[in-house]
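In: I'll drop the sequence and a predicted model, then ask my questions.
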Amino acid sequence: MQKTKRQLLGIYRLLYTAFGSRHWWPADSAEETIIGAILAQNITWKNVEQAIAALKARRALSFKAIAAMDEEKLAPIIRPARFLNQKARALKVFADYFGGNYGYRTQKMKRRDVWELRDELLGLYRIGPETADCILLYALEKPVFVIDLYTKRILSRHGLFTMEDSYEEYQEFFMDTLAPDVPLYNEYHALLVHLGNKFCKPKPLCAECPLHSLRLVNN
DNA sequence: GACCAGGCACATC
DNA sequence: GATGTGCATGGT
């Protein structure tokens, strides 16, 4: 087995042993997952929960409802999710796209070729690589690995990459090394985020981190 | 009060 | 291409 593959599987086993299954994505439907993915950009999940709850309270937790709502009315509802105007616009744009091209049916979206669909998503307002991949993996169950800030921070601190390496370089590493496996990609990214939240902040808590032992392997 | 968060778009060089 | 900045909330 290649060294890199051993390392990646080693990290996964340590994380799973430490934290168990994370049961991601925390949402009741594919549409809620997509809404959450857009709202979650650059904020903590607690803020997303508040915005989701606010949408739910107004019976607006669906793209059909969002499409029927004015952007000016939508923005204050999602205020807890920060960048409210940009995110309100992003939700409106996605709602129009989703309704127009897929009749608000994620099943119809699922039938598309995954990389063609990814390109299409990347063309939408405020859908970047991470958001697109969250939609593909967590809402549409496609085997696409999601890279986020914590993934970059954790792998770079263990010497496998640097923070300057691109999203695509990180993603290719995971996807070339691991088999295309939706449950594995789902769990692995969720575990990395959980670890990042607890231990891999700008000021890291390495001594308490479950990956602490790996430092011996990688130097 | 300071720091940070499950990014992205756009301007400028 | 690389780098910098705006977006503009709420928890710790």
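Out: Everything's here; your move.
In: use CA for all of it now, contacts and neighbours both
Out: Fine.
In: Identify the structural domains in chain A and state their residue ranges.
Out: Listed by automatic domain parsing, the domain ranges of chain A are A:3-23+A:145-218, A:30-139.
In: Pipe those domains into CSV and attach distance to DNA strand C and mean pLDDT per row.
Out: Shown next, in CSV, are these (distance: least, CA to the nearest atom of the strand, whole Å; pLDDT from 0 to 100):
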stretch, distance to DNA strand C, mean pLDDT
domain A:3-23+A:145-218, 7, 93
domain A:30-139, 3, 98
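In: Take those and lay them out in CSV including distance to DNA strand B.
Out: What follows is the domains of chain A, written out as CSV (distance: least, CA to the nearest atom of the strand, whole Å):
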stretch, distance to DNA strand B
domain A:3-23+A:145-218, 4
domain A:30-139, 3
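In: Include mean neighbour count when you put those domains into TSV, please.
Out: Formatted as TSV, the domains of chain A follow (neighbours: other CA atoms under 10 Å):
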stretch	mean neighbour count
domain A:3-23+A:145-218	16
domain A:30-139	18
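In: quick one: what helix or strand has the residue sitting nearest the centre point of chain A in it?
Out: With distances taken as CA atoms, centre = their mean, residue A:134 lies nearest the centre of chain A, 3.9 Å away. Secondary-structure assignment from DSSP states H and E places residue A:134 in helix A:129-134.
In: Following the chain past that helix, name the next helix or strand.
Out: Sequence-wise, the next helix or strand downstream of helix A:129-134 (DSSP H and E) is helix A:149-157.
In: And for that following helix, what's in contact with it?
Out: A:161, A:162, A:163, A:170, A:189, A:192, A:193, A:196, A:197, A:200 (CA atoms under 8 Å, 6 or more residues apart in numbering).
In: so which of those comes closest to residue A:207?
Out: When the contacts of helix A:149-157 are compared for distance to residue A:207 (CA to CA), residue A:200 wins out at 10.9 Å.
In: The residue nearest to the centre of chain A and residue A:37 touch, don't they?
Out: Yes - Residue A:134 lies in contact with residue A:37 (CA atoms under 8 Å); the separation is 6.5 Å.
In: thinking again about what came up before, would you reformat the contacts of helix A:149-157 as JSON lines and include secondary structure?
Out: Compiled in JSON lines, the contacts of helix A:149-157 are given as follows (DSSP: H, G, I helix; E, B strand; the rest coil):
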{"residue": "A:161", "secondary structure": "coil"}
{"residue": "A:162", "secondary structure": "coil"}
{"residue": "A:163", "secondary structure": "coil"}
{"residue": "A:170", "secondary structure": "helix"}
{"residue": "A:189", "secondary structure": "helix"}
{"residue": "A:192", "secondary structure": "helix"}
{"residue": "A:193", "secondary structure": "helix"}
{"residue": "A:196", "secondary structure": "helix"}
{"residue": "A:197", "secondary structure": "helix"}
{"residue": "A:200", "secondary structure": "coil"}
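In: now, among the residues you listed, which is nearest to residue A:110?
Out: Distances from residue A:110 to the contacts of helix A:149-157, taken by CA to CA, are shortest for residue A:189, at 20.9 Å.
In: Ignoring the adjacent residues along the chain, who's closest to the closest one?
Out: What sits nearest to residue A:189 in space, not counting adjacent residues and going by CA to CA, 6 or more residues apart in numbering, is residue A:146, at 6.5 Å.
In: Look up phi and psi at the one you found.
Out: Here is the backbone geometry of residue A:146 (degrees, to the nearest 10): phi -90, psi 130.
In: Having no further points to raise, I will conclude here.
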